[in-house]
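Peer 1: below: sequence and its predicted model.
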Amino acid sequence: MKPTALFADARCREHLAGLAHPERPERFDAVMEGLQTAGLLEHLTRLEPRQATIDELLLCHTREYLLTAQHDINAGYASLTTGDTDITRNSWDVALLAAGGVLNAVDAVLTGGARNAFCAVRPPGHHATPKRGMGFCIVNNIAIAARYAQRKHGLERVLIVDWDVHHGNGTQDIFYSDPSVFFFSTHQWPLYPGTGRADETGVGPGKGCTMNFPFPAGSGRKEILGAIEGSLVSAMARFRPDLVMISAGFDSRIDDLLGQFTLTDRDFVDLTSAVMAIAEEYAHSRVVSVLEGGYNLNGLASAAAAHVGRLARAESAELSAQNAPA
Ligand SMILES: [Zn+2]
């Protein structure tokens with residue numbers, strides 16, 4: 001197996017197909033074209049698809065919510081009755097495929113010989129709470145995978161870094177009282193969903209294991225890389241994660257349709273490097289990165305390629321020279 005794995009299944013295009021929606025199937029194509037143009041695809045091991053099981057979804061969601069979501073989708077509703085999440089006929093199958101792909105990425109990194117992995121999935125997941133879909137999210141792909149890494153592979157501590165321009169409220173909710181999963185988020189504020197104040201730091205045994213950095217529109221490299229280098233790195237010296245996961249939203253890139261941050265492709269390389277350094281220090285370099293947002297198709301393509309290019313350069317200096325984005 002090559003050191004970097006990729007989960008990307010074209011059936012992820014089937015969710016919301018034909019709708020005028022920012023979270024559209026062409027996002028999948030954009031990511032794949034970005035990886036192709038950067039010459040990365042031949043350097044990545046493609047992971048097999050599988051659907052997450054109900055038991056796996058239950059690691060993070062209530063049975064009542066899962067039954068509701070499945071019902072709403074099968075009944076042909078335009079959106080989930082739990083909130084603001086648009087759906088189409090294939091959305092349940094695609095959601096299970098997205099979550100299952102991230103689980104296969106965890107397997108690949110923990111026992112399959114991959115060092116790190118990127119999952120080009122949709123729908124995204126980080127707004128989905130235990131009890132409801134929110135935003136463009138049905139099930140919380142990264143949270144389910146973090147729990148799965150603990151339950152199936154026996155890991156103790158997982159770090160989730162969320163650099164999407166929106167706060168990952170669902171991921172925060174799921175782990176808010178849990179000291180075994182550290183949630184770190186940088187996000188634009190005020191902005192949907194309105195959570196993620198700096199004083200939201202966890203509760204009970206999870207106190208101190210949630211870290212939020214809300215920044216105003218126009219923020220970028222200085223603020224976001226600064227939060228990682230200035231706060232996350234020292235927190236990880238205490239937490240010592242066994243696995244590092246990234247909610248890789250590229251709507252924090254400059255010129256996004258839904259966000260007003262100013263990160264460049266070069267900044268995403270450096271953010272990736274900073275997170276990889278934490279993984280190298282504590283987690284045997286294990287990183288599983290999961291696509292969240294990113295709504296400017298050209299920006300999504302180039303930022304995803306910059307990110308995955310950096311992941312793949314962990315062991316390939318030659319690739320580094322060829323594909324270092326400007
Ligand atoms: Zn977002």
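Peer 2: Thanks, I have it.
Peer 1: up against the ion, what does the stretch 201-326 of the chain have?
Peer 2: 249, 251, 293 (CB under 5 Å from the ion). All C-beta spots, glycine's among them, are computed from the backbone N, C-alpha and C.
Peer 1: how about the contacts made by the last one?
Peer 2: In this case it means G293. Listed by CB atoms under 8 Å, 6 or more residues apart in numbering, the contact set of G293 reads 23, 124, 136, 164-166, 249-251, 256, 258-259.
Peer 1: list phi and psi for whichever residue of the stretch 201-326 of the chain sits closest to the ion.
Peer 2: Taking CB to the ion, the ion has its nearest neighbour within the stretch 201-326 of the chain at G293, 2.9 Å off. Dihedral angles of G293 (phi, psi; degrees, to the nearest 10) stand at phi -90, psi -170.
Peer 1: how much space between it and L257?
Peer 2: Counting by CB to CB, to the nearest Å, the separation of G293 from L257 is 10 Å.
Peer 1: what is in contact with those two at once?
Peer 2: Residues touching both G293 and L257 (CB under 8 Å, 6+ apart) are D251.
Peer 1: return the residues in contact with the residue in the stretch 101-250 of the chain that the ion sits nearest to.
Peer 2: Proximity of the stretch 101-250 of the chain to the ion (CB to the ion) peaks at H166, 3.6 Å away. Contacts for H166 (CB under 8 Å, 6+ apart) come out as 126-127, 135, 187-188, 191-193, 249, 251, 258-259, 292-293.
Peer 1: just the pLDDT for the nearest residue in space to Y282 that is not next to it in sequence.
Peer 2: Leaving out its chain neighbours, the residue that sits closest to Y282 by CB to CB, 6 or more residues apart in numbering is R240, at 4.7 Å. pLDDT, R240: 98.
Peer 1: for the one 5 residues further on, same thing?
Peer 2: pLDDT for M245: 99.
Peer 1: cool, and G154?
Peer 2: The model's pLDDT for G154 equals 98.
Peer 1: one more: the one 5 residues further on?
Peer 2: Model confidence at L159, given as pLDDT, is 99.
Peer 1: what does N323 give?
Peer 2: On the pLDDT scale, N323 gets 48.
Peer 1: again, but for S320
Peer 2: So, for S320, pLDDT stands at 46.
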